[in-house]
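S.K.: A structural model of the following input is requested.
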Amino acid sequence: MGGARAYYPRGMRPEWAVGALATFMEKTENTSFDDILRELADGGGPVLEAIARQSQGALRNAGIEPRTALLVRIAALIALDAAPASYVVHLGLADEAGMKAEAIEAVLVELAPLVGTARLVSAAGKINQALRQLSA
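M.R.: Modelled structure (predicted):
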């Protein structure tokens, strides 16, 4: 291993992480850990902002068209049964990219035979919750 170069996915180099950590520490200096967790659970706060910046940076360097990359990410969130806060980040980016709701619906339909009905119902509820947070 000596001499091997570290691999970092595009948009996620250590200098980004250091900057995000510094921003996070600045914003949370006078905030309790419970408050930080509450903000994250509610779909906001500095942690979610840092995740959104990281995701946006990675999209710019994905090597595929951003809308396609977002559909792949949303499909992964569905397959992983991700938390609503994860959908908030990616649906916000999808909206900024001009993605239509029909494209996300098509992903749900396409995933049905692979992930099952229970996972799709769960994802639909979380997507709905994320959309409510985004429109609030």
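S.K.: alpha carbons only for contacts and neighbour counts from here, please
M.R.: Noted.
S.K.: pLDDT below threshold where in this protein?
M.R.: 1-62 (pLDDT under 70).
S.K.: quick one, helices of it?
M.R.: 14-28, 33-41, 45-60, 66-80, 84-96, 101-115, 117-135 (DSSP state H).
S.K.: Who are the contact partners of S122?
M.R.: D81 (C-alpha atoms under 8 Å, 6 or more residues apart in numbering).
S.K.: redo that, cut-off 10 Å
M.R.: Shown in contact with S122 (C-alpha atoms under 10 Å, 6 or more residues apart in numbering): 78, 81-83, 128.
S.K.: swap in E110?
M.R.: 75, 104.
S.K.: re the thing from before, which of the contacts of S122 has the largest number of neighbours?
M.R.: Among these, the one with the most neighbours (other C-alpha atoms under 10 Å) is I78, at 24 neighbours.
S.K.: one step back: could the contacts of S122 go into CSV alongside distance to A112?
M.R.: Below are the contacts of S122 laid out as CSV (distance: C-alpha to C-alpha, whole Å):
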residue, distance to A112
I78, 10
D81, 13
A82, 16
A83, 19
N128, 18
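S.K.: Show me which of the residues you listed is closest to A118.
M.R.: Closest approach between these and A118, by C-alpha to C-alpha: D81, at 9.9 Å.
S.K.: correct me, but the closest one touches G116?
M.R.: No: the criterion here is C-alpha atoms under 10 Å, and D81 misses it with G116 at 11.3 Å.
S.K.: Next, count neighbours for the closest residue to A97 other than its chain neighbours.
M.R.: In space, and not counting its chain neighbours, A97 is closest to R67: 6.6 Å by C-alpha to C-alpha, 6 or more residues apart in numbering. Close neighbours of R67, defined as other C-alpha under 10 Å, add up to 19.
S.K.: Contact partners for R67?
M.R.: Neighbours of R67 in contact, by C-alpha under 10 Å, 6+ apart: 59, 73, 93-100, 103.
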